[in-house]
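*Asks:* predicted model follows, preceded by the sequence.
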Amino acid sequence: MFHRVLVANRGEIAVRIIRACQELGVETVLAHSEADRDSLAARMAERTVCIGPGPSDKSYLNIPTVVSAALTTGCDALHPGYGFLSENSYLAEVCEHCDLTFVGPPARVIDTFKNKVVAREVMAKAGIPVVPGSSEAMVNLEAARAAAAAVGFPVILKAASGGGGRGMRAARSDEELVRLYPIATAEAQATFGDGDVYVERLVPMARHVELQIAADIEGNTIHLGERDCSLQRRHQKLLEESPSPALSPELREAMSNAAVRGAEYAGYRNVGTVEFLVDPSGAFYFIEMNTRIQVEHPVTEMVMGLDLVKLQLQLAAGEPLPFRQQDIWTQGHAIEARVLAEDPAHGFAPTFGAVREYLPPGGPGVRVDSHLFAGYEPPPFYDSLLAKIIVWGRDRTEAISRMERALSETRISGPKTTVPFLLAVLRDEEFRNGRIHTQYGLPANGIQDPEAGEAAI
C-alpha cells in the first residue's frame, strides 16, 4: 500500500478520499486552491499545499503544478477524484514518467474512452450493442445533416470529448439540427477544448443504467451491480438508485456480462463505470465509459457493503481483487439525492452565500457525504454540489420513505438548495412506481420543469 497520497481535488470527494486513506493508514496531502484554503478537506488532511488561485484553470487543472505538489511533498500516488483531471490521460502519463502512481486506469485506457466516437467503435468490436449513430466525428454541418438523415430523427448531437452530460443537443428535425449544430460545437469547444461532435439516434423513454466494474492488475474483472441514473435535468443526474427497478434478472445478467466483456476487451484496470441506455422493449446500448470514481458511487457501496475508494487505492497499489464475482451480491435498496446550491423556484439559478446553519440528517440507514460546516462559504468557482444524502432500505419502498424523512430533516440555511425539489420528486407517483425515464417531467414545487421533455442521456 502507498505511504502518502496527493488528493488532487476538492469538496466532498476530497473528504471522501481522505477518509478512505485514513482507514488504510495512508497519509494524505491535499492540493487546494486559495479559495479552498479553509475547507473541511484542508482541515482533515495531514498536510496541505496551495496550487494556485480560485479559478480551476489556474489550480486544479494545472498539471505541472499538481504533479509538482505531489513530488515535492513525497507522495507516491495521486488520486484525482472525479471531474477536473480525473480522466486526463496526459496527467496519468506524466505520473507514470515521474514514478507516481495514478489512482485510475492507465493512460492508454483513458485515451480509448475519452473520445466517445472511439469508445463506441471499441465496444462495438467487443460485441456490445451501441446506439445507432455516426462512426466518426462530424467535419461540418453538412456531414452532420447527412449522418442524421441516415440515422433517422430524432437525433442527439454529442461532444466527442464530452462527459457529465455537457455538450449535448437534441434535434427532432433537419431545421432544428441546422440551428443547434453551431451551438453544440461551440459548447464542446468551450467546455472540453475540442469542438468535435457526433450524431446518435435519440432513444425515447429510455432508462439510463450504469454498471460498476473493477479490474485488478492481472486483468481479473468483475461487476459490482448497476445504478439507475434516469432521473436527470439538462443531462445532469439528480437522483440515483441501486438496484434499478426497471431490470429483469435476465436483462441485469446480460448487461452485467456485457460490461465485463467490454472492460476486458479494452484492457481496463481499476474501478470504472460502463453506461447504457435501456429502451422500453428491454434492448440496451452502450453510450460511454467513465474511467474514474462516480459521484453516485455510494449507492453501490450501500447495497454491496463495499468501500469503492479503498478498492481504487488497493488496485492502484497492485493488490489483487479481494473477492470473486460469486462472492458479490446486493442487499436491499439504496438511493442517493444530490443537494445543490440552486433555487428550483427560480429556474434552478445558482445561489451563493455563507452556510449559516448546517444540520445533516441521521438515523438508521442514512449517510451524508458533504464538505459543509456552519460558517463555510462555498467558493463561486466550482460546481454547486453541497451534499449527497444516501439512504438504505430493505426494499425500494422503505428507501424512498427513508429518503423523504432524511431530506425533511436536512437544514441548510444561507444558499437556497434543491431539497424542496427533491422532496417533490420523491412524492411523485410516477417516481414512486418506478416509471421514470430520461424524458420524465420533473416536478418542482408543483411546477413542471421547463426542460421537461428534453432527453437527458
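*Replies:* Good, I have the coordinates.
*Asks:* could you pick out the longest strand of this structure?
*Replies:* strand 221-233 (DSSP state E).
*Asks:* let me know the angle separating the helix or strand just after it from strand 221-233.
*Replies:* Next helix or strand after strand 221-233 toward the C-terminus (DSSP states H and E): strand 236-242. Compare the direction of strand 236-242 with that of strand 221-233 by axes from the mean of the first three to the mean of the last three Cα atoms, to 10 degrees and you get 130 degrees.
*Asks:* hey, where'd the helices end up in the stretch 151-300 of the chain?
*Replies:* Here the stretch 151-300 of the chain has its helices, by DSSP state H, counting those that start in this stretch, at 174-192, 249-265, 297-304.
*Asks:* and the last one, what does it pack against?
*Replies:* Yep, that's helix 297-304 we're talking about. Under the contact criterion of 3 or more Cβ pairs under 8 Å, 6 or more residues apart in numbering; DSSP states H and E, helix 297-304 touches strand 221-233, strand 236-242, helix 308-316, strand 333-340, strand 366-370, strand 385-393. C-beta here means a position set from N, CA and C on the backbone, and glycine is covered the same way.
*Asks:* mean pLDDT and distance to residue 275 for those - can I get that in a markdown table?
*Replies:* Output for the helices and strands packed on helix 297-304, formatted as a markdown table (pLDDT from 0 to 100; distance: least, Cβ to Cβ, whole Å):
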| stretch | mean pLDDT | distance to residue 275 |
| --- | --- | --- |
| strand 221-233 | 95 | 8 |
| strand 236-242 | 94 | 11 |
| helix 308-316 | 98 | 16 |
| strand 333-340 | 98 | 16 |
| strand 366-370 | 98 | 21 |
| strand 385-393 | 98 | 19 |
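*Asks:* and residue 322, what's its pLDDT?
*Replies:* Residue 322 is assigned 96 on the pLDDT scale.
*Asks:* break the chain into its domains for me.
*Replies:* Following automatic domain parsing, the chain resolves into domains at 4-103, 132-201, 207-448.
*Asks:* separation between the residue nearest the centre of the chain and residue 211?
*Replies:* Centroid-nearest residue in the chain: residue 294, 3.8 Å away (criterion: Cα atoms, centre = their mean). Separation of residue 294 from residue 211 (Cβ to Cβ, to the nearest Å): 11 Å.
*Asks:* which residues are in contact with both of these two?
*Replies:* Common contact partners of residue 294 and residue 211 (Cβ atoms under 8 Å, 6 or more residues apart in numbering): residue 273.
*Asks:* residues touching residue 331, list them.
*Replies:* 303, 304, 305 are the contacts of residue 331 under Cβ under 8 Å, 6+ apart.
*Asks:* now do residue 372
*Replies:* Residue 372 neighbours (Cβ under 8 Å, 6+ apart): 40, 355, 358, 360, 386, 387, 412.
*Asks:* ok so, going back, distance to residue 28 and mean neighbour count for the helices and strands packed on helix 297-304 - can I get that in CSV?
*Replies:* Formatted as CSV, the helices and strands packed on helix 297-304 follow (distance: least, Cβ to Cβ, whole Å; neighbours: other Cβ atoms under 10 Å):
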stretch, distance to residue 28, mean neighbour count
strand 221-233, 25, 24
strand 236-242, 27, 23
helix 308-316, 11, 22
strand 333-340, 24, 25
strand 366-370, 17, 19
strand 385-393, 20, 24
